[in-house]
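S.K.: Need a 3D model of the following:
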Amino acid sequence: MSKRPNYFLSILQMKCPHCRRGHMFKTKNAFHLSMSKIFNMYDNCPVCGQKFELETGFWFGTGYVSYALGVALSVFNLIWYALIFKLSWQDNSVIYWLIVNGVILILLQPWLMRISRVIYLYFFVYYDESTASLPGAPNE
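M.R.: Okay, the predicted model is just below:
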């Protein structure tokens with residue numbers, strides 16, 4: 001019997017939620033200079049055939065996931081920045097944090113947009129034990 005793929009690792013690796021083995025995106029690198037390659041997804045999972053866009057306009061909901069991830073990342077950045085540099089209005093360190101946080105969010109935006117799609121799809125599509133018998137993901 002095949003071992004069940006780890007849920008969180010499958011999300012971070014951007015695997016299909018149905019079989020957790022097929023890649024959702026045609027290119028693994030989210031940081032392409034070409035914006036057209038950021039969302040270059042398969043229509044269906046290459047391993048199990050799961051449809052990724054469940055209905056027209058399905059991906060509009062990822063804005064909420066992306067927003068939540070952005071807020072969580074900003075809070076994380078606030079905590080580490082406050083622990084290391086101490087925040088104060090008197091020395092403009094809050095302004096510096098805002099700048100650092102903004103730069104981090106902009107640099108991570110392609111990855112955040114992709115992972116938002118993955119997380120959103122995982123809300124609606126569940127793992128199927130019967131996919132363990134399917135042949136593995138194709139080498140790309």
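
S.K.: In this structure residue 101 contacts residue 77, no?
M.R.: Yes - with contact defined as CB atoms under 8 Å, residue 101 reaches residue 77; the gap is 4.6 Å. All C-beta atoms are positioned from the backbone trio N, CA, C, and that covers glycine.

S.K.: got a pLDDT number for residue 94?
M.R.: On pLDDT, residue 94 comes in at 90.

S.K.: In contact with it, which residues?
M.R.: 87, 88 (CB atoms under 8 Å, 6 or more residues apart in numbering).

S.K.: Doesn't it lie inside a helix?
M.R.: Yes - counting by DSSP: H, G, I helix; E, B strand; the rest coil, residue 94 is part of a helix.

S.K.: Number of residues surrounding residue 113?
M.R.: Neighbour count of residue 113, defined by other CB atoms under 10 Å: 18.

S.K.: Let me know the helix or strand that it is in.
M.R.: If you go by DSSP states H and E, residue 113 is part of helix 93-124.

S.K.: And that helix, what's buried?
M.R.: Of all the residues in helix 93-124, those buried under the rule 16 or more other CB atoms under 10 Å are 97, 101, 108, 110, 112-122.

S.K.: Quick check: neighbours shared by residue 101 and residue 77?
M.R.: Joint contacts of residue 101 and residue 77 (CB under 8 Å, 6+ apart) do not exist.

S.K.: Show me the residue at the heart of this structure, geometrically.
M.R.: Residue closest to the mean C-alpha point of the chain, counted by CA atoms, centre = their mean, is residue 115 at 0.9 Å.

S.K.: How confident was the prediction at the residue located most distally from the centre of the chain?
M.R.: Note on the chain: the largest C-alpha distance from the chain mean falls to residue 90, namely 37.2 Å (CA atoms, centre = their mean). Note on residue 90: pLDDT of 82.
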